[in-house]
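Peer 1: got a sequence here, can you build the structure:
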Amino acid sequence: MKLSVAIGVLFLLVSSRVFAQGEATEIEPVFVYAPSANQPGSGGISLKRIQRRLATDVGQLLVLFPGMQLKSYGGLGGMKTVSFRSLGAGHTSVVLDRFALSQTQSGQTDLGQLPVDFIRNLAVVHHAGTSTDYPIHAKLAGQIISIETRHLPEFYNDSFRLNVGAQAGSFGQLDGHFLVTQRLKSWRFSLSMKGRTFDGSYPFTYRNGNTDVHTRRTNGDLTDVFGTASISWIPTTKTMVHLSYSGALFDKGLPGAVVFYNETAGQRLYGNNHMFNLRHSYVSSSWTGATTAAFQQNSLDYVDSNYLNAQGYLHSHFSSQQTEAQTQWNFHKKHRFELLFGTGFRHETLISESISGSPKRLSIDGIAAIKYNVRSGAINLQVGAQSINDLRPADTRQTVVLLPSADYLVRFSRTIFLAAAYRYTVRQPSFNELYYNQVGNDDLRPEKAHMASLRMEHKASGKLLSSRATLQPFYVYTTDKILAIPTKNLFIWSIQNIGKSQAFGVELTERISHAFTKATLSLNVNYTFQYTQDLSDPEGPTYGHLLSYSPLHSGTAELSYEYQKWGLSALLTYQGERYALNENIPANLLEDFVLLDCSAFYLFEIGKRRQQLTVRAALNNITNNYYSYIRYFVMPGRNFTIRISYEL
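Peer 2: Got it, this is the predicted structure:
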């Protein structure tokens, strides 16, 4: 039934274009849009870089940003999260097409479930106080991962657009996708779908004492589907209404860690996500406003068919819901200053038979921000207020916090500028951290962080050569840091407030591009040095030690060459040594690793309309490294991917 409806909608969009060809063309209203990437402290990667990476999910792309540390629990289908400057994933808000993805249950978004085929822009935004493009609670978080897809009507360049593609790769990887967009006078329609299957059975080697064990990963299969439908109405150049629905279904095996590895393991995870969004936008010469409403529902089913209990199996079901609404308005006077104010609320609920009662959380957010432009730069001030009411099974707790942030940018010339920034952020413990089985701890306190940074940037451009270099020292001080640590033995962990920690370091990026007559050669480098210490207890055994999974050194170097209709690229990824636990002893040390990936593409142009058929291929982990981001969760060795896409 769902498939027939999707085909019917696709036919309607295509046929409406065909029958409209002979009609008179009316002048269509164009909604004026200010790109969010203009916000200070933001950085993004281009559509070309996204496409040539041949990534299977958003998590693989975020290693291209400095300061981002990827945590991957396996290959395709494995859970992927990121931490920024030693802060947990809960301090990062993932915003998809200007709506924040729900973090009700886990407190983090699984980036391994987000496809990249429809992305037009991916950015990490550190400060967006006066922008109405992001939800209030996202702007009050540590930073924002902004994902903008082709479903946003601002990206509709033609009256009709169609993109169809398929991909195949190692270890049984198969996927396909399509996207269709249609403009009809003041209306915009779009529909997309992505499906993937993955066998996940890849070989690996690990060290057991003095012996190298060669085996194969099993129970790592994946099947998932992700789809989005959206409708936009633009009656005037000042007003737009956008309605969208996104849904996802997945079914995957959980191979577990090598230390617990069992070739007869039967753990599986089933889930579905649904997201309904409604947004009204208004733009005039003095005002910009956005009013939104959203509803999200997520369900998870964990099944272990080999669990040793009276039933002979274990089945845990979790269902979470999040409802939110907010409004933000920006008053701007020419290019002199901007003033924003807004308010909103969120209501979150978790339902599970394994939890006594249904914990709920009601959050009320408020924000006021100002941006004042001066001749030599700009001043950005923001203050947020959050009132959080936790309705826990045992009691009710209320927390009220003020969250200030500020940054000051000074331009010394057209090519050199300096920016200083400070932010205070508070992360509430997630429902999993509070209640999940033996791991949960309902006495957790919110995690608080002070962040300061200094950003120096130099730009240079000429007829043939352009470059952009950024140097950014930073410091982060955290109290009541929330971590999972073994509290009794290696097999029994729980979530604890470990106390205090600090992180300091520097991020470096360099982008150089050289243009030839018909070709372009570019180099993108990012490097992060980060020193993260546990400062909880001066008398404790881990005082002054590095926090778990915090490498001192990490970075990437990407070299690409494009000539007319074809191109080549190579990506080098480095992850330094780190410790699996806060106790920095040799037994907890994880080795560093280097990955080398290469890709190529060729573009065919078909017909007078220059329809594009693109063939891309990638060879990943060429040196066949056996490595892991998380201890005992092995990653794939050498593998390949081939993608064919057609665009009209």
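Peer 1: any low-confidence regions in the chain?
Peer 2: Within the chain, the stretches falling below the threshold (pLDDT under 70) are 1-43, 155-157, 207-209, 256-265, 356, 393-394, 436-440, 485-493, 609.
Peer 1: can you give me the helices for it?
Peer 2: Chain-ordered helices for the chain, with DSSP state H as the definition, fall at 2-19, 47-53, 58-61, 136-139, 431-435.
Peer 1: how far out from the middle of the chain is the longest strand along the chain?
Peer 2: As assigned by DSSP state E, the longest strand anywhere in the chain is strand 314-333. Distance of strand 314-333 from its chain centroid, counting by C-alpha atoms, centre = their mean, to the nearest Å, is 16 Å.
Peer 1: so for that strand, what gets flagged as buried?
Peer 2: 318-322, 324, 326-328, 330, 332 (16 or more other C-beta atoms under 10 Å). Backbone N, C-alpha and C define where each C-beta goes, glycine included.
Peer 1: counting contacts, what elements does it pack onto?
Peer 2: Helices and strands touching strand 314-333, by 3 or more C-beta pairs under 8 Å, 6 or more residues apart in numbering; DSSP states H and E, are strand 287-304, strand 337-352.
Peer 1: same list (those) but as TSV, adding distance to G637 and mean neighbour count.
Peer 2: Shown next, in TSV, are the helices and strands packed on strand 314-333 (distance: least, C-beta to C-beta, whole Å; neighbours: other C-beta atoms under 10 Å):
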stretch	distance to G637	mean neighbour count
strand 287-304	28	18
strand 337-352	38	19
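Peer 1: could you dump those to JSON lines with distance to F516?
Peer 2: As requested, these are exported to JSON lines (distance: least, C-beta to C-beta, whole Å):
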{"stretch": "strand 287-304", "distance to F516": "41"}
{"stretch": "strand 337-352", "distance to F516": "41"}
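Peer 1: nearest to M79 among those would be which one?
Peer 2: strand 287-304 (11.8 Å; C-beta to C-beta).
Peer 1: kindly calculate the angle that that closest one makes with strand 337-352.
Peer 2: 20 degrees (axes from the mean of the first three to the mean of the last three C-alpha atoms, to 10 degrees).
Peer 1: and strand 287-304, how far from the chain's centre?
Peer 2: Worked out by C-alpha atoms, centre = their mean, strand 287-304 lies 15 Å from the chain centre.
Peer 1: of the helices and strands packed on strand 314-333, which approaches L140 most closely?
Peer 2: Here strand 337-352 is closest among these (C-beta to C-beta), at 10.6 Å.
Peer 1: which elements pack onto that closest one?
Peer 2: On a contact count with 3+ C-beta pairs under 8 Å, 6+ apart, strand 337-352 meets helix 136-139, strand 314-333, strand 360-374, helix 431-435.
Peer 1: what are the pairing partners of the third one, and which direction each?
Peer 2: Think strand 360-374. Paired neighbours of strand 360-374 in the sheet (DSSP bridges): strand 337-352 (antiparallel), strand 377-391 (antiparallel).
Peer 1: in that strand, what counts as buried?
Peer 2: 360-361, 363, 365-367, 369-371.
Peer 1: taking those together, which two end up most distant?
Peer 2: K360 and K371 (36.0 Å).
Peer 1: can you list the helices and strands packed on strand 337-352 in JSON lines and add distance to F99?
Peer 2: Converted to JSON lines, these look like this (distance: least, C-beta to C-beta, whole Å):
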{"stretch": "helix 136-139", "distance to F99": "9"}
{"stretch": "strand 314-333", "distance to F99": "9"}
{"stretch": "strand 360-374", "distance to F99": "15"}
{"stretch": "helix 431-435", "distance to F99": "20"}
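Peer 1: please name whichever of the ones you listed is nearest to L191.
Peer 2: Closest approach to L191 among the helices and strands packed on strand 337-352 (C-beta to C-beta): strand 314-333, 24.5 Å.
Peer 1: what angle sits between the closest one and strand 337-352?
Peer 2: Going by the same axes, to 10 degrees, strand 314-333 is angled at 170 degrees with respect to strand 337-352.
Peer 1: convert the C-alpha atoms of strand 314-333 to PDB, please.
Peer 2: C-alpha atoms of strand 314-333 as PDB (Å, rounded to 0.1, in the frame of the first residue of the first chain):
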ATOM      1  CA  LEU A 314      15.000 -11.300  26.400                       C
ATOM      2  CA  HIS A 315      12.700  -8.700  24.800                       C
ATOM      3  CA  SER A 316      12.800  -5.000  25.800                       C
ATOM      4  CA  HIS A 317      10.600  -2.400  24.100                       C
ATOM      5  CA  PHE A 318      11.100   1.400  24.400                       C
ATOM      6  CA  SER A 319       8.800   4.000  22.900                       C
ATOM      7  CA  SER A 320       9.600   7.800  23.200                       C
ATOM      8  CA  GLN A 321       7.700  10.800  22.100                       C
ATOM      9  CA  GLN A 322       8.600  14.500  21.800                       C
ATOM     10  CA  THR A 323       6.300  17.400  21.100                       C
ATOM     11  CA  GLU A 324       7.500  20.900  20.700                       C
ATOM     12  CA  ALA A 325       6.500  24.400  19.500                       C
ATOM     13  CA  GLN A 326       8.400  27.700  19.400                       C
ATOM     14  CA  THR A 327       8.500  31.100  17.800                       C
ATOM     15  CA  GLN A 328      11.500  33.300  17.100                       C
ATOM     16  CA  TRP A 329      11.600  36.900  15.700                       C
ATOM     17  CA  ASN A 330      14.600  38.900  14.500                       C
ATOM     18  CA  PHE A 331      14.500  42.700  14.100                       C
ATOM     19  CA  HIS A 332      17.300  44.100  12.000                       C
ATOM     20  CA  LYS A 333      18.100  47.700  11.100                       C
END
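Peer 1: thinking again about what came up before, for G555, find the nearest of the helices and strands packed on strand 337-352.
Peer 2: Here helix 136-139 is closest among the helices and strands packed on strand 337-352 (C-beta to C-beta), at 26.9 Å.
Peer 1: what does that closest one rub up against?
Peer 2: Outside of helix 136-139, the residues within contact range by C-beta atoms under 8 Å, 6 or more residues apart in numbering are 93, 95, 100, 128-129, 131, 144, 326, 328, 342-344, 346, 363, 365-367, 382, 384, 386.
Peer 1: hmm, try it at 6 Å
Peer 2: Contacting residues not belonging to helix 136-139 are listed as 93, 95, 100, 128, 144, 326, 342, 344, 365, 367 [C-beta atoms under 6 Å, 6 or more residues apart in numbering].
Peer 1: tell me how far the second one lies from V58.
Peer 2: Taken as C-beta to C-beta, to the nearest Å, the spacing of V95 relative to V58 amounts to 12 Å.
Peer 1: likewise for the third one?
Peer 2: Relative to V58, A100 is positioned 15 Å away (criterion: C-beta to C-beta).
Peer 1: for the last one, same thing?
Peer 2: According to C-beta to C-beta, I367 and V58 sit 26 Å apart.
Peer 1: next, the residue nearest to L603 when sequence neighbours are not counted: phi, psi?
Peer 2: Leaving aside its sequence neighbours, L603 sits nearest to K565 (C-beta to C-beta, 6 or more residues apart in numbering; 4.3 Å). K565 adopts backbone torsions of phi -100, psi 10, taken as degrees, to the nearest 10.
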